[in-house]
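[1] next come a sequence and a model predicted from it.
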Amino acid sequence: MDRPNAIGINPRTTRWGHSNAMAQGTVQVTHTGTSRWRRRTGEYASLAAALEAAADGDVLTVAPGTYRENLVVQRSVTLRGPEGSAGSVRIAPVDGVPLTVRASAVVQDLHVEGQDASVPALLVEEGTPELLDVRIITRSAAGIEVRAGARPTVRRCTVDNPAGIGIAVLDGGGGVFEECEVVAAGQSGVAVRGGAHPRLERCRIHHASGAGLSATGENSALEAVGCEVYEVRGSGVQVTGRATAHLTDCDVHRTTADGVTLDTDAVLTLADCRIHDIPENAVDLRSRSVLTLTRTTVRQFGRNGLSVWDPGTRVDANQCEIFDSTGDYPAVWVSDGATAVLESCRVHDVPDALFVLDRGSRADVVDSDLSQVRNTAVSVSDGATAQLDDCRIRDAATGAWFRDHGSGGTLSNCTIDATQTGVIVTKGADPTIERCTIDSPAEAGFYVSAGGRGSFVGCRVTGSGGYGFHVIDGSRTTLRKCRTERCARGGYEFAEGGDAAPGSGPVVEDCTSDESSGLRPPAARETVVQTAAHSPGLLGAIPGQRTTEQEPLVAAAQPSQPEQSARTSKAVLGELDALVGLESVKREVRALTDMIEVGRRRQQAGLKAASVKRHLVFTGSPGTGKTTVARLYGEILASLGVLEKGHLVEVSRVDLVGEHIGSTAIRTQEAFDRARGGVLFIDEAYALSPEDSGRDFGKEAIDTLVKLMEDHRDAVVVIVAGYTAEMERFLSVNPGVASRFSRTITFSDYEPDELLRIVEQQADEHEYRLAPGTADALLKYFTAIPKGPAFGNGRTARQTFEAMVERHAGRVAQVDEPSTDDLTLLYAEDLPDTP
């Protein structure tokens, strides 16, 4: 039997001169004596010539060197570099495809370099070749491209292609890629299209400027097992246009866009995968896409963990965990007619767990845990439906909230523990709650208002800090066989609002309570109606998500008591004058105060008083005293009788903006209500109107605030504050806001001598003294420290004093019997190092 020949290529000299310059060498052929082998013995002018001379089964071992040739392998040969010299053979033509494989060959231990951005570096067109330990460093259209009927096996290969795709499998191509790595790609790391169907095993794809893994087009399919996708400037996995993908035991993390994106009839299965550290949606699917997740974890995401949109779009999750959100969005978002099914899942440590919005949208949750939820565990609105069976909700502000007309569904055999409010039903929503238990809610167990409906059958409330069932506004709710125990304010409270229709109200059958004077079980079906003693206000009496206390929902009106310790305006202005610096601010506040005081006196004299808009804009850097002046301003207005109490309520974007339609208005009114009779101070107000708003609800907060300011113009003074440039932009793009404010007061940065005075004040207040030379050292220190965006102004002065006290303590603690001077004097050496 003939032995395969070993063809050695040993370049002796290399000649360059044009684009097809080739390494010259001698080809030595060993043979068995047959005439067929002798005819191929001799010298070959190039590696390409040697490939042309080789026959199926031959082994070509290439000596180290750089080969400026465009190679085409058309026979089932082995083309390899020398053993033990990885990277010593470079295939690097000036243009064109460096290496094309059209047979079931073996290519091993080569270094391929391409320079032509219009073609791939390594092209596999036919056969079932093996590519082993090939390193591709190129700037080509693709690092490796597999076409048509080719089915390569690619092992331990590396692609570095910052100009194009890492690995492209196209037009029906396939193959297996094992332990390969895409270290850089200017587009997708791995792209599958045109009906291709590769399999990736234990591969790593990172530093791509497109999707990490991309599959698109009908009949295209991608399978990945044990792979990792990370550091991607785009989506980690993108499946679109009727393509399918199946990922098992894969990691997707550290992307700049969504972790996984499905669009237009895409189908994806994730099993035992981990998706984490995603700044946007961990998984986003829409346009009739279908996703199946099994034993998959989703964590540390900036927007939604699962974002599901559009009719026909569906996600099925089984034994999955979604947790540790880094943003302010619901963990699971289902809208525009989409469907989500969660079975035996855990959702925890998130702002909101599940939001279902829009008619036709549906969520089915079975045997799942929703816990550690900062706001609402389950929210159903705009005609959507949710069904929860055998679920456990705990440690949430609101367990479940059915928000409006057409919204409904079923809660069956669920437990809701340690919430503010267990279940809320409002504005015509009509869910069915069966055999559910609510334990230890801080407020009501079940709360129905604003025309909410709902049927509550066999439900139980224990240990409520408020009522067990609280039904107001004549809501037509049905209660059957319910029970309450140990409810602080009572088991049942039914109150009819002013707009309730005659005969409206709840229907109660066979309900009991442990109260001695509990609800009387009616002998026959009856409607229970009582009168209410309060007005629901602008947005209705809906319990808030963020407050820890709530005014009694039915209580006799109490006369307001004046503040017993209110100071005079002269005393408050004296404190303002004592503040370091801020001279222009003091002048502005005094002028405004004088206008208000004179106007009050003119009114007392029966004269017309000029209308003074009391709302203000404060601009300036952090630490310049904006909050302090706002507090004093409130006290001044209270002392003049303009405000009832003059207290300060400080909020920012996070206190006003919710994560879904409607919640922002509620949060904004809650903040406004807390500030009634005082000052509402909105810090960094420009954040309510970001330049790239997207799906942001900041505008809803602005619109609500403007209406409240108009409707209750004498009840609250509003001050918006922030950096100067950002506030100018904020007011310019929101003219409705700008028109409500009388003037802008600018807080300048503190000068070094003013920062010194703050330290001196701090020292005097805490019974310290500055030793000789310390004041000069402080001046030099405050002059030298950087004054960039992180500069804290007055805060920096206070932090400097605290650092000096700490260093002083470390120094004096070593003295056995310190004197009074030792205990009080601060020296230059106590200063912290200059940042």
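    Right, received. Where do you want to start? Numbering: from 1, shown residues only.

[2] alpha carbons only for contacts and neighbour counts from here, please
    Fine.

[3] and stretch 433-450, average pLDDT?
    The average of the pLDDT scores along stretch 433-450 is 93.

[4] how far does that stretch stretch from start to finish?
    18 Å (CA to CA, to the nearest Å).

[5] how far away from the center of its chain is that stretch?
    With CA atoms, centre = their mean, to the nearest Å as the basis, stretch 433-450 stands 30 Å off its chain's centre.

[6] can you check stretch 743-756 too?
    From the chain centre to the centre of stretch 743-756 is a distance of 36 Å (CA atoms, centre = their mean).

[7] over to stretch 617-624?
    Relative to its chain's centre, stretch 617-624 lies at 28 Å (CA atoms, centre = their mean).

[8] how long is that stretch end to end?
    So stretch 617-624: terminal residues 14 Å apart, CA to CA.

[9] now do stretch 805-824
    Taking CA to CA, the first and last residues of stretch 805-824 lie 9 Å apart.

[10] over to stretch 814-825?
    15 Å.

[11] got it, and stretch 688-699?
    Between the opening and closing residues of stretch 688-699 lies a distance of 7 Å (CA to CA).

[12] stretch 785-797 too?
    11 Å.

[13] for the helix or strand containing Q300, list the C-alpha coordinates in PDB.
    Here Q300, judged by DSSP states H and E, is contained in strand 297-301. C-alpha atoms of strand 297-301 as PDB (Å, rounded to 0.1, in the frame of the first residue of the first chain):
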ATOM      1  CA  THR A 297     -30.700  33.400  35.700                       C
ATOM      2  CA  VAL A 298     -31.100  37.100  34.800                       C
ATOM      3  CA  ARG A 299     -29.500  39.600  37.100                       C
ATOM      4  CA  GLN A 300     -27.900  43.100  37.200                       C
ATOM      5  CA  PHE A 301     -29.900  44.700  34.400                       C
END
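
[14] who does it pair up with?
    strand 274-278 (parallel), strand 321-323 (parallel) (DSSP bridges).

[15] which residues are contacting the last one?
    Right, the one you point to is strand 321-323. Contacts with strand 321-323, where a contact means CA atoms under 8 Å, 6 or more residues apart in numbering, come from 295-300, 305, 331, 345-350.

[16] how about 10 Å then?
    If you take CA atoms under 10 Å, 6 or more residues apart in numbering as the criterion, strand 321-323 is touched by 274-276, 282, 294-301, 304-306, 331-332, 344-351, 353, 368-373.

[17] repeat that for the longest one.
    Contact with strand 274-278 is made by 228-230, 235-236, 248-260, 282-283, 295-305, 320-326, as judged by CA under 10 Å, 6+ apart.

[18] from T624, how far out is T138?
    Going from T138 to T624 by CA to CA gives 55 Å.

[19] more neighbours: these two, which one.
    The neighbour comparison of T138 against T624 (other CA atoms under 10 Å) goes to T138, with 27 against 22.

[20] report pLDDT for the more buried one.
    You'll see T138 listed with a pLDDT of 95.

[21] also W37?
    Note for W37: predicted pLDDT of 40.

[22] what of R102?
    Confidence score, pLDDT, at R102: 96.

[23] does the nearest residue to it once chain neighbours are set aside belong to a helix, a strand or coil?
    Nearest residue to R102, sequence neighbours excluded (CA to CA, 6 or more residues apart in numbering): E126, at 4.5 Å. Classification of E126 using DSSP: H, G, I helix; E, B strand; the rest coil returns coil.

[24] was I right about E126 contacting S76?
    No: if you go by CA atoms under 10 Å, E126 and S76 don't touch, sitting 11.1 Å apart.

[25] any common contacting residues for these two?
    By CA under 10 Å, 6+ apart, the residues touching both E126 and S76 are V101, R102, A103, S104.

[26] how about the one helix or strand F782 maps to: buried residues?
    Element membership of F782 [criterion: DSSP H and E] is helix 774-784. For helix 774-784, a neighbour-count test (16 or more other CA atoms under 10 Å) marks T774, A775, A777, L778, L779, Y781, F782 as buried.

[27] report the beta-bridge partners for L262.
    V239, L285.

[28] hmm, back to that, quick check, nearest of the buried residues of helix 774-784 to S639?
    Distance to S639 across the buried residues of helix 774-784 (CA to CA) is lowest for F782, with 37.4 Å.

[29] contacting residues for that closest one?
    Neighbours of F782 in contact, by CA under 10 Å, 6+ apart: 750-756, 776, 793, 796-797, 800, 834.

[30] now, the residues you listed that are in helices?
    Among the contacts of F782, DSSP state H puts P752, D753, E754, L755, L756, D776, T796, A797, T800 in helices.

[31] now render those as a markdown table, adding distance to P818 and pLDDT.
    Formatted as a markdown table, the ones in helices among the contacts of F782 follow (distance: CA to CA, whole Å; pLDDT from 0 to 100):
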| residue | distance to P818 | pLDDT |
| --- | --- | --- |
| P752 | 32 | 85 |
| D753 | 31 | 86 |
| E754 | 32 | 83 |
| L755 | 29 | 85 |
| L756 | 27 | 86 |
| D776 | 25 | 89 |
| T796 | 29 | 79 |
| A797 | 27 | 82 |
| T800 | 24 | 86 |
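
[32] which of these sit farthest apart?
    Spatial extent of the ones in helices among the contacts of F782 (CA to CA) is set by the pair D776 and T796 at 17.1 Å.

[33] picking up where we left off before, so which of the shared contacts of E126 and S76 wins on neighbours?
    Neighbour count (other CA under 10 Å) singles out V101 as the most crowded of these, with 27 neighbours.
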